[in-house]
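> Build me a structure from this.
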Amino acid sequence: MSLNDAVEAIPRKSIVLFFLIDTSGSMGGSKIGAVNAAIEEVIPELKDISMVNADAEVKVAALEFNDTANWITGNSPIPVDNFLWRYVDAFGKTVMGEAFRKLNDALSTKTFMQDAVGSFAPAIFLLSDGEPTDEFANELAELKQNKWFNAAIKVAVAIGDDANKDHLAEFTGSMESILEVHSAAMLRKTIKFVSIRASQVASKSVQVSAMKPAAASPVSANSSPAGGDDAGNPALPVKQAALNEQLTQIKATAAVSGDDEW
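Below you'll find the predicted structure:
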């Protein structure tokens, strides 16, 4: 076996992009249409990122929540090279708490994070246009005990005026990690932007071994040296802070956008 053969045989770690998509009735029409179009359009670009990244293979897991919460992509993440987006429809309620519970179950080395080679901390995108219709607080509290969740990059997209940004900030950890959109065109741009930028940032960040627990919690290991602000709020993980800086770009674009609003 040549040296080149040996190098090519070295497996890559994985980076999972999680999409949690509100598909309740209020998401009908142009909103769900924009979500479907954006995810379909971004897949080729994610394939390119995965192909040129020698360290990380990009995988996708998507969950929709309405009257129930279900993994669109099945019981394990799908390598982006094999991923085909299946259009989703909008109907029913907004069981965000159930979505959080299923995400918590998935963020485990026994389920979605069981890559034997190891995984980079994931990137998680939450898209919603309204209020949860179930009790979500306990499920979110449980989710916040999950080491993969704490290490992950998290971005929430608040769709329209009715989205509860306070709840979304509880999920992401800060208002900086929330993008507010008011048009179908901006929603498409936002999903594409955050998917690409987050996958680039996450796959170059500190890894969380899938083989054994970290010596320190991921939040401590990845946190900024400052340790928090003057009000006592904990510091954001380094990669989350890096992405938040980039999110200001699309927020500035949205502020001057001439797109028609819903």
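> need the contact list for the closest residue to Pro79 other than its chain neighbours.
Closest residue to Pro79 apart from its sequence neighbours, by Cβ to Cβ, 6 or more residues apart in numbering: Lys59 at 5.4 Å. All C-beta spots, glycine's among them, are computed from the backbone N, C-alpha and C. Taking Cβ atoms under 8 Å, 6 or more residues apart in numbering as the contact definition, Lys59 lies against Ser14, Ile15, Val16, Leu17, Pro77, Ile78, Pro79, Val80.
> Can you tell me which of those comes closest to His167?
Relative to His167, the closest of these is Leu17; by Cβ to Cβ it sits at 21.9 Å.
> Across the sheet, point out what pairs with Asn70.
Glu64 (DSSP bridges).
> quick one: it and Ala61 touch, right?
No: the pair formed by Asn70 and Ala61 falls short of the contact definition of Cβ atoms under 8 Å, at 11.8 Å.
> Which of the two has more residues huddled nearby?
Neighbour tally, Asn70 and Ala61, criterion other Cβ atoms under 10 Å: the higher count belongs to Ala61, 24 against 17.
> Tell me the secondary structure of that one, please.
The three-state label for Ala61, taken from DSSP: H, G, I helix; E, B strand; the rest coil, comes out as strand.
> Select from the contacts of Lys59 the one having the most neighbours.
Most neighbours among those, by other Cβ under 10 Å: Ile15, with 30 neighbours.
> what's the distance between Ile49 and Gly25?
According to Cβ to Cβ, to the nearest Å, Ile49 and Gly25 sit 34 Å apart.
> picking that back up, distance of the residue nearest to Pro79 from Asp161?
Spatial separation of Lys59 from Asp161 under the definition Cβ to Cβ is 34 Å.
> give me the low-pLDDT residue ranges for this structure?
Of all residues in the chain, those with pLDDT under 70 make up the ranges 1-10, 116, 204-236, 249-250, 253-262.
> backbone phi and psi for Ser14, please?
With angles defined as degrees, to the nearest 10, Ser14 sits at phi -110, psi 150.
> just the strands in the stretch 51-200 of the chain please.
Listed in chain order, the strands of the stretch 51-200 of the chain (DSSP state E, counting those that start in this stretch) span 56-65, 69-71, 78-79, 119-120, 123-128, 153-159, 178-181.
> Which elements pack onto the second one?
Under the contact definition 3 or more Cβ pairs under 8 Å, 6 or more residues apart in numbering; DSSP states H and E, strand 69-71 sits against strand 56-65, helix 96-106.
> is it true that Asp162 touches Glu180?
No: the criterion here is Cβ under 8 Å, and Asp162 misses it with Glu180 at 11.3 Å.
> if you count what's nearby, which of the two comes out ahead?
Remark: of Asp162 and Glu180, Glu180 carries more neighbours, 18 against 12, as counted by other Cβ under 10 Å.
> burial of the residue nearest to the more buried one when sequence neighbours are not counted, as a residue count?
The shortest distance from Glu180 to any residue that is not its chain neighbour, by Cβ to Cβ, 6+ apart, is 4.5 Å, and that residue is Ala158. Using other Cβ under 10 Å, the number of residues around Ala158 comes to 23.
> what bridges to Ala158?
Here Ala158 sits in beta bridges with Ser128, Glu180, going by DSSP bridges.
> Begin at 866, not 1, for the rest of this chat.
Happy to do that; since the first residue is 866 now, the last one works out to Ala1023.
> Now do Glu910 against Ala1023, distance only.
Applying Cβ to Cβ, the value for Glu910 to Ala1023 is 23 Å.
> and what of Val1066?
Applying Cβ to Cβ to Val1066 and Ala1023 gives a distance of 21 Å.
> Could you tell me which helix of the protein is the longest one?
helix 895-917 (DSSP state H).
> quick one, helices of this structure?
Taking DSSP H to define them, one finds helices in the chain at 868-873, 895-917, 961-971, 1002-1008, 1012-1016, 1030-1037, 1049-1067, 1083-1087, 1103-1120.
> list the buried ones in the longest helix of the chain?
896-904, 907-908, 911-912, 914-915 (16 or more other Cβ atoms under 10 Å).
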